[in-house]
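Trainee: Attaching a predicted model along with its sequence, questions to come.
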Amino acid sequence: MLYRVEAIVIRSTDYGEGNKIVTLFSREAGKVSVMVRGAKKMNSRYAAVVQPFTCGQFVFFKNGQMGTLNNAEIIQSYHMLREDLLMAACCSYLAELTDRLIGEQENEPYWYEQLKAAFQAMTEGKDADIIVHIYEMKMLAIAGYTPQLDQCVSCGETAGEMAFSFGLGGILCKSCRRSDPQTVPLSGAVLKLLRLFSRMDIRRLGQTDVKPETKQQLKTLLRGYMDNHLGLRLKSRNFLEQMEKYGL
């Protein structure tokens, strides 16, 4: 069957002497793997279109688990994201999250639009940390682990001081937090942002101004929560953490 899709390259792997296997995340067909013959050759017309984060129109034939590329045209190369070390690390993280949490051929146009919007927002100079955290919330929703943020997961209380429980999957009020000694204190600003992120469409994201200490709390909470519930080992996140460790 012949497919024509708009897609983003989320993974590109060498195969043999001159070929590549690319994983495309598309609007029309979800996530698919496609063989691109001759893509590693210097004069290949597909050398540019198989670069990570590239958005393009792809035509491929698929009769089984893997397709074979027939034609491709670049819509947006996002070359700026590959040339900046921090941006490349953030985009690699988003791409790897997508690859690990979305199954083959799960056709969900909304999630495709969110990834595309995340890459576009980064090219426009919007806060990469905030974009990453919003996208993390999207991926938690896909995995079925959206944290409970509107009321205490134990008693349903909606007002007052709250803490965050990784194990119980959401916020705990002051009275119930003793049920989990591992809770993390939660400032009003962080809780407000987490609630916003869970509903935010990245396509509507404007410029943001979030204090560094608030962003650090968000990072600690979301990474801790994802580790507790998803248990993913991501090379891209390890690289990001190494950059943060050395202040890059």
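Mentor: Arrived safely.
Trainee: and Glu104, what is it in contact with?
Mentor: By CB atoms under 8 Å, 6 or more residues apart in numbering, Glu104 lies in contact with 30-33, 65. (Each C-beta comes from the backbone N, C-alpha and C, glycine too.)
Trainee: could you dump the residues you listed to a markdown table with secondary structure and neighbour count?
Mentor: What follows is these, written out as a markdown table (DSSP: H, G, I helix; E, B strand; the rest coil; neighbours: other CB atoms under 10 Å):
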| residue | secondary structure | neighbour count |
| --- | --- | --- |
| Gly30 | strand | 20 |
| Lys31 | strand | 23 |
| Val32 | strand | 22 |
| Ser33 | strand | 16 |
| Gln65 | coil | 9 |
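Trainee: Would you quantify the distance from the residue nearest the centre of the chain to Thr13?
Mentor: The geometric centre of the chain, computed from its C-alpha atoms, lies nearest to Leu94 (CA atoms, centre = their mean), at 2.9 Å. From Leu94 across to Thr13, the span is 18 Å (CB to CB, to the nearest Å).
Trainee: what do you get for Tyr78?
Mentor: Noted for Tyr78: a distance of 19 Å to Thr13, by CB to CB.
Trainee: Which elements pack onto the helix or strand bottoming out on mean pLDDT in the chain?
Mentor: Within the chain, confidence by mean pLDDT, DSSP states H and E is lowest for helix 235-245 among all helices and strands, at a mean of 88. Helices and strands touching helix 235-245, as assessed by 3 or more CB pairs under 8 Å, 6 or more residues apart in numbering; DSSP states H and E, comprise helix 85-101.
Trainee: Count the neighbours of Phe61 for me.
Mentor: Residues contacting Phe61 under the criterion other CB atoms under 10 Å number 12.
Trainee: swap that for Thr183, please
Mentor: Number of residues near Thr183 (other CB under 10 Å) recorded here: 19.
Trainee: same deal with Tyr135?
Mentor: Tyr135 has 24 nearby residues by other CB under 10 Å.
Trainee: Can you give me the pLDDT of it?
Mentor: You'll see Tyr135 listed with a pLDDT of 97.
Trainee: Now do the contacts for Ile202.
Mentor: Contact partners of Ile202, counting by CB under 8 Å, 6+ apart, are 114, 117-118, 121, 131, 134-135, 138.
Trainee: and of the contacts of Glu104, the nearest to Ile8?
Mentor: Of all those, Ile8 sits closest to Lys31, with 10.2 Å by CB to CB.
Trainee: got the contact list for that closest one?
Mentor: The contact partners of Lys31, taken as CB under 8 Å, 6+ apart, are 10, 23-25, 98-99, 102-106.
Trainee: Pull the contacting residues for Ala7.
Mentor: Neighbour list for Ala7: 24-27, 29, 32, 55-56, 58, 112 [criterion: CB under 8 Å, 6+ apart].
Trainee: Repeat that for Asn63.
Mentor: Met1.
Trainee: Which phi and psi values does it adopt?
Mentor: Taking degrees, to the nearest 10, you get phi -140, psi 70 for the backbone angles of Asn63.
Trainee: What count of nearby residues applies to Thr158?
Mentor: Here the number of neighbours of Thr158 (other CB under 10 Å) works out to 11.
Trainee: just checking, it touches Leu149?
Mentor: No - counting by CB atoms under 8 Å, Thr158 does not reach Leu149; the two are 10.5 Å apart.
Trainee: Can you flag which of the contacts of Ala7 belong to helices?
Mentor: When DSSP state H is applied, the contacts of Ala7 are split such that Tyr112 fall in helices.
Trainee: Quick one: the helices in the protein, in order.
Mentor: Counting by DSSP H, the chain has these helices, from start to end: 79-83, 85-101, 109-123, 128-143, 188-199, 212-229, 235-245.
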